[in-house]
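Novice: Build me a model from this:
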Amino acid sequence: MNDNRNMILAIVLSLGVLLAWQFFYAGPQLERQQAEQQAQLAQQEQQSGSNAPVVNPDGSVAPEGPGAQTAAQTQVSRQTAIAQSPRIELNTPRLSGSINLIGAKFDDLHLKDYRQTTDPNSDTVILLSPKGSPKPYYAEYGWVSDPGADVKLPGTDTEWSVEGSRELTPSTPLTLTWDNGEGLTFKRTVSVDENYMFTVTQSVENATDMPVTLYPYGLVVRTGEPQTTGYFVLHEGLIGVIGEEGLKEIDYSDLVEDGAIRPAKANQGWLGFTDKYWAATLIPTPGTSYQSSFSYSQASDNFQADYLGDATVVPAGGSAEMTGDLYAGAKVSSLIDGYEETKGIQSFDLMIDWGWFYFITKPMFWVIDALYSVLGNFGVAILVVTVIVKAIFFPLANKSYVSMSKMKLVQPQMNEIREKYKDDKQKQQQALMELYKTEKINPLAGCLPVLIQIPVFFSLYKVLFVTIEMRHAPFFGWIQDLSAPDPTTIFNLFGLIPWDPPAMLMIGIWPLIMGVTMFLQMKMNPAPAEPAQQMIFNWMPVLFTFMLATFPAGLVIYWAWNNFLSILQQGVIMRRQGVKLELFDNLKGMFGKKSSEGGDAK
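Specialist: Okay, the predicted model is just below:
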């Protein structure tokens, strides 16, 4: 029967897409193999002044000079590393930490609004950490000079002096100074807003009788490859939007294997590091020319994103300054969009990995977020969005179900044609197509309700998986994080048995509800005549239950709710078309068959 075959085709196609997606995009990578090929170390020019910054031959900035630490340097605890250097406290509504006066680094940053787990008493999320700690991750700004130039510059071990306030807050900027003792005075003013944006203004006063040429730089360094979620569907690593070259997404392994990446010079964009929910990115002043670089050092095990500005001439007896921004914090969509508009940052919203279906994913997030502001629960917002999506696609789904109903009504005629031309498949198909044309039936219409869900399903998955707003967002009952899988499982009787099953056996309550609704939806149609088709129909819900059990709970709730709405919609439409619902007969036939087989066995 063509309607069953079309339904099977739609389900198999959908399953194929989802399995491919699971394998290539959503399947977790437990480990990333370290590349055997080692990146060659760029030789660095010796500068006057200890550990003064230099420019590598590839154009990247090496701020620590020849005295840079190696990967084998002794590590201490994060608290000890912080205590080893003089610091200025940082305190804003959303950030806490300190600025390191040695090198004027941003290397101690806590995100006040976010906890490590759903426990409100767990530690706050740590974004930046100093050198010498277990996971160094920091940003800094500075100046470099031409190779061979005899200019003493502030370096990684330079201790800066503080002018004015001893605390950095949104209302009290931090001003740092350093005199090189040779006529140059360096000043650095750091300000921060109430969210996650720092602004750094560097100035140089030249008291000598000769002009000095300097190049401003900014960099973010991360030591060692961090632990990532391991999903192909999400980029975690180095990232940037570089002028006309657009978005650059660079995996850690790519830099290790292939060496430094040096895009063309640009005067718009940003660059840095992105995690699933957090980012640290440099933003050169829009309109100013800069050379960007992404690199990896085998000696220090440092991954680095940096930019080098054009030459700035500091005239004799005069001064010069340059300004740049640093975004270090949570990837909050509304904040990022706001900065893109107010600061003119090119494609700053691409810091969030909206995916291939950007044109669906981001609007879907806007709708869910807007509903959340009214309803106060992201799970309820997802249920309402599902109804909205069903309403949008109602004309298409209605047409599909009507066509399926018509096929059921002409089923006797179809059987007659198959019987009449059972030895001539070509004439059989011609007669069936003529019947479809006469009755205005689209034999492929049954595929549409399933196929149109795929981009919506994928987009909702992206929204749940990548947006910080969904992180630790509760629903009701045991679902305290819509972005994580259902924590219950049938294999320990939903917590009654004190045993933690392996991940593959974590089949929670919502995945089971989804599987049951999918099973009932499939039983709405006549049972296939062929045993192979019957097997596919019977096992498909089981396979989907196991597969979707590892997906975010919010996505499984959406799928189950969507199945339930589809059952209601299909039932109403078929009754209006005068078609008998097959659900109860199929269920009776299924269990009756098992009972009969049991009796025969006796």
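Novice: from here on, contacts and neighbour counts on C-alpha atoms
Specialist: OK.
Novice: Model confidence for the closest residue to residue 77 other than its chain neighbours, exactly?
Specialist: Nearest-residue entry for residue 77: residue 133, 5.5 Å, with adjacent residues in sequence omitted and distances by Cα to Cα, 6 or more residues apart in numbering. The score at residue 133 is 94. That number is its pLDDT.
Novice: OK, contacts around residue 133?
Specialist: Neighbour list for residue 133: 75, 76, 77, 78, 80, 81 [criterion: Cα atoms under 8 Å, 6 or more residues apart in numbering].
Novice: helix, strand or coil for the first one?
Specialist: Looking back up the chat, that one is residue 75. Put simply, residue 75 is coil when judged by DSSP: H, G, I helix; E, B strand; the rest coil.
Novice: between the contacts of residue 133, which is nearest residue 521?
Specialist: Of all those, residue 78 has the smallest distance to residue 521: 54.7 Å, by Cα to Cα.
Novice: OK, contacts around that closest one?
Specialist: By Cα under 8 Å, 6+ apart, residue 78 lies in contact with 129, 130, 132, 133, 134.
Novice: Those into a markdown table, with extra columns for distance to residue 187?
Specialist: Formatted as a markdown table, those follow (distance: Cα to Cα, whole Å):
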| residue | distance to residue 187 |
| --- | --- |
| 129 | 24 |
| 130 | 22 |
| 132 | 26 |
| 133 | 28 |
| 134 | 31 |
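Novice: In strands, which of those residues fall?
Specialist: In strands, judged by DSSP state E, none of the contacts of residue 78 are found.
Novice: before we move on, the earlier item: return a ChimeraX selection command for the buried portion of the contacts of residue 133.
Specialist: Buried subset of the contacts of residue 133, written as a ChimeraX selection, criterion 16 or more other Cα atoms under 10 Å:
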select :78,81
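Novice: which stretches of the stretch 1-150 of the chain have low pLDDT?
Specialist: Low-confidence segments of the stretch 1-150 of the chain (pLDDT under 70): 1-52, 56-59, 63-73.
Novice: in it, which spans are strands?
Specialist: 54-55, 61-62, 87-91, 95-100, 105-115, 124-128, 137-145 (DSSP state E, counting those that start in this stretch).
Novice: Same check on the stretch 301-450 of the chain?
Specialist: Secondary structure of the stretch 301-450 of the chain (DSSP E, counting those that start in this stretch): strands at 302-309, 312-314, 319-330.
Novice: Ranking the ones you listed by mean neighbour count, which comes first?
Specialist: Among the strands of the stretch 301-450 of the chain, ranked by average contacts under mean count of other Cα atoms under 10 Å, first place goes to strand 302-309 (a mean of 25).
Novice: strands paired with it, and their directions?
Specialist: Its sheet considered, strand 302-309 pairs with strand 212-223 (antiparallel), strand 290-297 (antiparallel) by DSSP bridges.
Novice: Mind checking the pLDDT average for the shortest one?
Specialist: Mean per-residue pLDDT for strand 290-297: 95.
Novice: Ok, stretch 159-174 next?
Specialist: pLDDT averaged over stretch 159-174 gives 94.
Novice: Would you mark the buried spots in that stretch?
Specialist: Of the residues in stretch 159-174, 159, 160, 162, 167, 168, 169, 170, 173, 174 count as buried by neighbour count, 16+ other Cα under 10 Å.
Novice: With secondary structure as extra columns, can I get the residues you listed in JSON lines?
Specialist: Below are the buried residues of stretch 159-174 laid out as JSON lines (three-state DSSP):
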{"residue": "159", "secondary structure": "strand"}
{"residue": "160", "secondary structure": "coil"}
{"residue": "162", "secondary structure": "strand"}
{"residue": "167", "secondary structure": "strand"}
{"residue": "168", "secondary structure": "strand"}
{"residue": "169", "secondary structure": "strand"}
{"residue": "170", "secondary structure": "coil"}
{"residue": "173", "secondary structure": "coil"}
{"residue": "174", "secondary structure": "strand"}
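Novice: Now the two most distant members of those.
Specialist: With Cα to Cα as the measure, no two of the buried residues of stretch 159-174 lie farther apart than 159 and 170, at 23.7 Å.
Novice: and which of the contacts of residue 78 is nearest residue 141?
Specialist: The shortest approach to residue 141 among the contacts of residue 78 belongs to residue 130, at 15.1 Å (Cα to Cα).
Novice: what number of residues lie near the closest one?
Specialist: If you count neighbours by other Cα atoms under 10 Å, residue 130 ends up with 24.
Novice: chain center to stretch 191-206: distance?
Specialist: 29 Å (Cα atoms, centre = their mean, to the nearest Å).
Novice: let me fix that: stretch 308-315
Specialist: Relative to its parent chain, stretch 308-315 has a centroid offset of 37 Å by Cα atoms, centre = their mean.
Novice: which outside residues touch that stretch?
Specialist: Contact with stretch 308-315 is made by 60-61, 204-206, 210-218, 288-292, 320, as judged by Cα under 8 Å, 6+ apart.
Novice: Buried members of those residues into ChimeraX, please.
Specialist: The buried subset of the contacts of stretch 308-315, as determined by 16+ other Cα under 10 Å, is captured in ChimeraX by this line:
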select :60,61,204,205,206,212,213,214,215,216,217,218,289,290,291,292
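Novice: distance of the nearest residue to residue 428 once chain neighbours are set aside from residue 406?
Specialist: Nearest non-adjacent residue to residue 428, counting by Cα to Cα, 6+ apart: residue 421, 5.2 Å away. To residue 406, residue 421 is 22 Å away according to Cα to Cα, to the nearest Å.
Novice: Pick out whichever of the two has more residues nearby.
Specialist: More neighbours surround residue 406 than the other of residue 421 and residue 406, with 22 against 14 (other Cα under 10 Å).
Novice: quick one: contacts for the more buried one?
Specialist: Residue 406 makes contacts with 439, 441, 577, as judged by Cα under 8 Å, 6+ apart.
Novice: Roughly how far does it sit from residue 545?
Specialist: Distance from residue 406 to residue 545, by Cα to Cα: 31 Å.
Novice: and if you look at residue 103?
Specialist: Using Cα to Cα, we find residue 103 at a distance of 54 Å from residue 545.
Novice: of those two, who's got more company?
Specialist: Relative neighbour count places residue 545 above the other of residue 103 and residue 545, with 22 against 19, counting by other Cα under 10 Å.
Novice: my guess is the more buried one meets residue 510, correct?
Specialist: No - contact criterion Cα atoms under 8 Å: residue 545 and residue 510 do not qualify, at 9.3 Å.
Novice: Tabulate the strands paired with strand 302-309 (JSON lines), appending distance to residue 552.
Specialist: Output for the strands paired with strand 302-309, formatted as JSON lines (distance: least, Cα to Cα, whole Å):
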{"stretch": "strand 212-223", "distance to residue 552": "29"}
{"stretch": "strand 290-297", "distance to residue 552": "33"}
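Novice: returning to that earlier point: quick one: closest of the strands of the stretch 1-150 of the chain to residue 464.
Specialist: strand 105-115 (16.8 Å).
Novice: Which positions within that closest one qualify as buried?
Specialist: By neighbour count on 16+ other Cα under 10 Å, the buried set for strand 105-115 is 105, 106, 107, 108, 109, 110, 111, 112, 114, 115.
Novice: now stretch 275-290: how far from the chain's centre is it?
Specialist: Relative to its parent chain, stretch 275-290 has a centroid offset of 17 Å by Cα atoms, centre = their mean.
Novice: Apologies, that question was intended for stretch 129-136.
Specialist: The chain centroid and the centroid of stretch 129-136 are separated by 25 Å, computed with Cα atoms, centre = their mean.
Novice: Endpoints of it, how far apart?
Specialist: Taking Cα to Cα, the first and last residues of stretch 129-136 lie 5 Å apart.
Novice: try stretch 97-110
Specialist: 6 Å.
Novice: For that stretch, which outside residues touch it?
Specialist: For stretch 97-110, the external contacting residues (Cα under 8 Å, 6+ apart) are 82, 85-91, 95-96, 124-131, 136-141, 154-161.
Novice: Quick one: buried ones out of those?
Specialist: Using 16+ other Cα under 10 Å, the buried ones in those are 82, 87-88, 90-91, 95-96, 124-131, 136-141, 154-160.
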